[in-house]
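A.B. asks: No sequence on hand, only this structure:
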């Protein structure tokens with residue numbers, strides 16, 4: 001009899017969460033989580049334009065003309081840190097809690113940004129980028145898990161997409177600050193007339209990373225107010241704590257009535273498994289999901305990182321001037337911000353897995369427009385916006401979908417496993433495929449790079465349908 005009460009109480013707490021139809025935390029906490037997202041994507045994009053100035057400042061023999069040959073190692077270090085952070089740190093959130101790891105990951109990310117700003121040698125810069133990658137990767141996994149667990153059932157993709165709006169802002173700030181602080185002035189559209197880099201102002205790149213460190217500190221302090229995920233507390237058998245948090249949620253959104261109004265969910269506190277990864281891979285159900293999602297993210301990241309980190313280089317290799325190519329990318333990133341807004345309002349309008357197919361088609365169309373436009377820059381800007389919109393509008397929806405595929409006892413670990421290992425595709429895209437794209441020409445090259453997203457879309461169609469369903473029913 002003593003063991004039945006927690007089980008029934010756990011089911012009751014989760015059932016009460018399913019009655020919540022609005023954002024159950026104070027609205028300022030959504031902004032708190034969003035600020036962290038803004039910083040992580042600021043950090044992902046801030047190296048794109050600024051690296052030329054960085055290389056000439058700390059790498060002997062580097063010049064603006066040859067700086068591109070030095071960017072591979074810091075990007076590799078950042079991706080390696082991403083894989084390490086995702087696979088090693090993220091599972092700790094399934095053991096010690098979402099809230100505690102949200103503090104830890106943002107701290108690591110901020111330290112990495114500060115060390116990058118202080119770099120005096122190329123090896124120092126590479127190491128700092130690796131540390132930053134560790135924090136960024138784990139933070140994204142934990143944030144998306146947390147959001148899926150506290151957002152209302154019928155709005156999980158919507159609120160995850162709402163966070164992605166902040167990521168678009170972060171990317172825009174990182175790209176445009178790089179143009180402002182680290183490139184010389186030039187008449188538009190060959191550059192920015194008000195850019196600040198001069199022979200005497202060569203430390204704008206350091207200022208960018210100092211800004212990143214300050215943003216991380218602010219985000220860390222604000223996150224102290226976040227409550228723990230009730231679903232994680234239930235999975236650990238801490239029913240009383242979960243009940244108290246859910247009661248506050250109910251009071252905030254006006255939910256009332258006994259838990260018995262909803263059929264009890266089949267949920268009981270999980271026993272501690274040796275490793276969350278082992279728990280997933282031993283299960284035929286979750287093992288199948290792991291492999292499907294791994295290949296979805298693997299092929300997707302070939303396209304996403306190929307353009308996000310390498311589009312400027314691809315355009316320069318095809319004959320565009322560096323400042324011209326940089327502006328095409330900078331304007332194109334506006335599409336990423338628009339993607340977050342569209343996904344916020346339309347993210348629940350159809351099944352998650354269909355979004356990737358729509359995205360792949362739009363990405364291919366955007367690449368065609370950029371290629372066919374040639375040096376007609378206004379048409380190129382439009383094509384770049386469509387491309388970045390297409391390759392990003394599926395991402396927040398799939399963040400939600402990926403988290404939905406795994407149970408509370410190993411949700412962060414499952415997300416980390418498929419997303420972290422999937423970043424192998426980023427390396428393949430940047431070092432094995434991207435160098436050959438300019439030889440194909442912009443049109444054929446961009447369509448080829450976009451095609452990997454289409455492959456991922458067809459794989460995703462074999463996945464689960466989860467829109468509007470209870471998390472514990474999707475992933476028991």
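C.D. replies: Now that the structure is in, tell me what you want to look at. Small disclaimer: the values here were computed from a predicted structure and weren't measured.
A.B. asks: Tell me if residue 17 really is in a strand.
C.D. replies: No - per DSSP: H, G, I helix; E, B strand; the rest coil, residue 17 lies outside any strand segment and is helix.
A.B. asks: so who does it touch?
C.D. replies: 24, 230, 231, 246, 249 (C-beta atoms under 8 Å, 6 or more residues apart in numbering). Bear in mind the C-beta positions are built from the backbone N, C-alpha and C, glycine included.
A.B. asks: In terms of distance to residue 60, which of those residues ranks first?
C.D. replies: residue 231 (52.5 Å; C-beta to C-beta).
A.B. asks: Using the three-state scheme, assign the closest one.
C.D. replies: Applying three-state DSSP: residue 231 is helix.
A.B. asks: ditto for residue 468
C.D. replies: Reduced to three states by three-state DSSP, residue 468 is coil.
A.B. asks: and it, how many neighbours?
C.D. replies: 12 (other C-beta atoms under 10 Å).
A.B. asks: Tell me the helices and strands packed up against the helix or strand that contains residue 327.
C.D. replies: Element membership for residue 327, per DSSP states H and E: helix 322-332. When contacts are defined as 3 or more C-beta pairs under 8 Å, 6 or more residues apart in numbering; DSSP states H and E, helix 322-332 sits against helix 27-58, helix 156-182, helix 311-317, helix 377-393.
A.B. asks: Reformat the ones you listed as TSV; add distance to residue 283 and mean pLDDT.
C.D. replies: Formatted as TSV, the helices and strands packed on helix 322-332 follow (distance: least, C-beta to C-beta, whole Å; pLDDT from 0 to 100):
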stretch	distance to residue 283	mean pLDDT
helix 27-58	30	85
helix 156-182	22	88
helix 311-317	39	74
helix 377-393	32	94
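A.B. asks: Could you measure from residue 139 over to residue 52?
C.D. replies: 27 Å (C-beta to C-beta, to the nearest Å).
A.B. asks: So between the two, which is more surrounded?
C.D. replies: Taking other C-beta under 10 Å, residue 139 and residue 52 do not tie; residue 139 has more neighbours (29 against 25).
A.B. asks: so what's the more buried one up against?
C.D. replies: 36, 40, 102, 105, 106, 109.
A.B. asks: in this structure, what spans have low per-residue confidence?
C.D. replies: For the chain, applying pLDDT under 70 flags the ranges 1-8, 65, 68, 255-275, 313, 322.
A.B. asks: Geometric centre of it: which residue is closest?
C.D. replies: In the chain, the centroid-proximal residue (C-alpha atoms, centre = their mean) is residue 140; its distance is 5.5 Å.
A.B. asks: Pull out the buried positions in whichever strand or helix holds that residue.
C.D. replies: In the assignment (DSSP H and E), residue 140 maps to helix 122-150. Going by neighbour count (16 or more other C-beta atoms under 10 Å), the buried part of helix 122-150 is 122, 125-150.
A.B. asks: Please apply the same query to stretch 167-184.
C.D. replies: 167-183.
A.B. asks: next one: that stretch to chain centre, how far?
C.D. replies: Chain-centre distance of stretch 167-184: 18 Å, with C-alpha atoms, centre = their mean, to the nearest Å.
A.B. asks: Next: stretch 38-55.
C.D. replies: With C-alpha atoms, centre = their mean, you get 15 Å for stretch 38-55.
A.B. asks: Give the next helix or strand downstream of the helix or strand hosting residue 337.
C.D. replies: Taking DSSP H and E as the criterion, residue 337 maps to helix 334-346. Next in sequence after helix 334-346, counting helices and strands by DSSP H and E, comes helix 352-373.
A.B. asks: Show me what that next one is packed against.
C.D. replies: helix 284-308, helix 377-393, helix 395-404, helix 442-460.
A.B. asks: rerun that using 6 Å as the cut-off
C.D. replies: helix 377-393, helix 395-404, helix 442-460 (3 or more C-beta pairs under 6 Å, 6 or more residues apart in numbering; DSSP states H and E).
A.B. asks: Return the most buried member of those.
C.D. replies: helix 395-404 (a mean of 26; mean count of other C-beta atoms under 10 Å).
A.B. asks: what's that helix in contact with?
C.D. replies: Helix 395-404 is contacted by residues 144-145, 148, 156-157, 160-161, 164, 293, 343, 347, 352, 355, 411, 415, 466, 474 when judged by C-beta atoms under 6 Å, 6 or more residues apart in numbering.
A.B. asks: Put the buried members of the residues you listed into a PyMOL selection.
C.D. replies: Applying 16+ other C-beta under 10 Å to these, the buried members can be selected in PyMOL as follows:
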select buried, resi 144+145+148+156+157+160+161+164+293+343+347+352+355+411+415+466
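A.B. asks: Minimum distance to residue 279: which of the helices and strands packed on helix 352-373 has it?
C.D. replies: helix 395-404 (15.9 Å).
A.B. asks: how far off helix 122-150 does the closest one point, in degrees?
C.D. replies: Interaxial angle, helix 395-404 versus helix 122-150 (axes from the mean of the first three to the mean of the last three C-alpha atoms, to 10 degrees): 70 degrees.
A.B. asks: now helix 395-404, how far from the chain's geometric center?
C.D. replies: 10 Å.
A.B. asks: same for the helix or strand following that helix, what does it pack against?
C.D. replies: Sequence-wise, the next helix or strand downstream of helix 395-404 (DSSP H and E) is helix 411-422. Secondary-structure packing of helix 411-422 (3+ C-beta pairs under 6 Å, 6+ apart): helix 92-96, helix 122-150, helix 276-282, helix 284-308, helix 395-404.
A.B. asks: can you pull the buried residues of the first one?
C.D. replies: In this case it means helix 92-96. 92, 93, 94, 95.
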